[in-house]
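Visitor: Structure for the following, please:
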Amino acid sequence: MGSEGPSTVTIHVTGFKKFHGVSENPTETIVSNLKEYVKKKGSPKGLVLGSCSILETAGQGAVVPLYQTLRSAISEQDSSNSSRIIWVHFGVNSGATRFAIEHQAVNEATFRCPDEMGWKPQKVPIIPSDGGISHIRETSLPVEDITKALAKKGFEVMTSDDAGRFVCNYVYYHSLRFAEQNGIKSLFVHVPLFLTIDEDTQMQFAASLLEVLTSLN
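Guide: Reported below is the predicted structural model:
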């Protein structure tokens, strides 16, 4: 499997703070506790769990900190010579009953409610230089394989082609563009509320996702 010799994967993770209609965001809890959880559980061979950051649930107003977070991984890579970098962004879908591995993001910001900084765009291109609002960016990670591997581990998980048009899609689009420009990979995962799938199961899912990503060629 793959080339001989040690191959490490550095995975950086983000979650979101609360937002309109979701007073406690499960992704804030998952990402805040992930390092400790993985340490206790035993980290998969070859995994380096990098930064675990919590983003404001905001689009335009949160782009600067988002890019600071993304760039910090690149400078760390330069100093550590890690062979691969993957960004995993967790977001909540309050109506979902299962986990969703997002295949793509669309160049459209149409927010159903104002974000946490009061921005409510309608049919605005996220990156105007990319063209119109129908332009799509896809992850270079094998979404179907990742989904199947997680389903085999017993999780209720599906592949999704629609990350919505709110902040999750906004962040994913920026991240996919950044990943392409910098030779790294990016993935967005939607999780349900803890009322739907309990916290412990979601922590197990997040750790299993890291394991699956580490085992990819």
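Visitor: Now do the residue nearest to residue 99 when sequence neighbours are not counted against residue 28, distance only.
Guide: Once flanking residues are discounted, residue 99 sits nearest to residue 157: 4.3 Å by C-beta to C-beta, 6 or more residues apart in numbering. Heads up, the C-betas are built off the backbone N, CA and C, glycines and all. Relative to residue 28, residue 157 is positioned 21 Å away (C-beta to C-beta, to the nearest Å).
Visitor: Give me the more crowded residue out of the two.
Guide: Neighbour count, other C-beta atoms under 10 Å: between residue 157 and residue 28, residue 157 has more, with 23 against 19.
Visitor: got the contact list for the more buried one?
Guide: Contacts of residue 157 were listed using C-beta atoms under 8 Å, 6 or more residues apart in numbering, and they are 98, 99, 100, 101, 147, 150, 151, 205.
Visitor: Wait, the second one touches residue 156, no?
Guide: Yes. Using C-beta atoms under 8 Å as the test, residue 99 is close enough to residue 156 to be in contact (6.5 Å).
Visitor: Need the overlap of contacts for the two.
Guide: By C-beta under 8 Å, 6+ apart, residue 99 and residue 156 have these common neighbours: residue 197.
Visitor: neighbour count winner among the two?
Guide: Shown here are residue 99 and residue 156; by other C-beta under 10 Å, residue 99 has more neighbours (25 against 16).
Visitor: for this structure, what helix or strand is lowest in average pLDDT?
Guide: Every helix and strand of the chain was ranked by mean pLDDT, DSSP states H and E. The lowest is helix 63-80, at a mean of 78.
Visitor: For that helix, what is the distance to the chain centroid?
Guide: 15 Å (C-alpha atoms, centre = their mean, to the nearest Å).
Visitor: Are there helices or strands packed against it, and which ones?
Guide: Counting contacts by 3 or more C-beta pairs under 8 Å, 6 or more residues apart in numbering; DSSP states H and E, helix 63-80 packs against strand 9-16, strand 47-55, strand 84-92, helix 167-182.
Visitor: Redo those as TSV? Include mean pLDDT.
Guide: As requested, the helices and strands packed on helix 63-80 are exported to TSV (pLDDT from 0 to 100):
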stretch	mean pLDDT
strand 9-16	95
strand 47-55	94
strand 84-92	95
helix 167-182	96
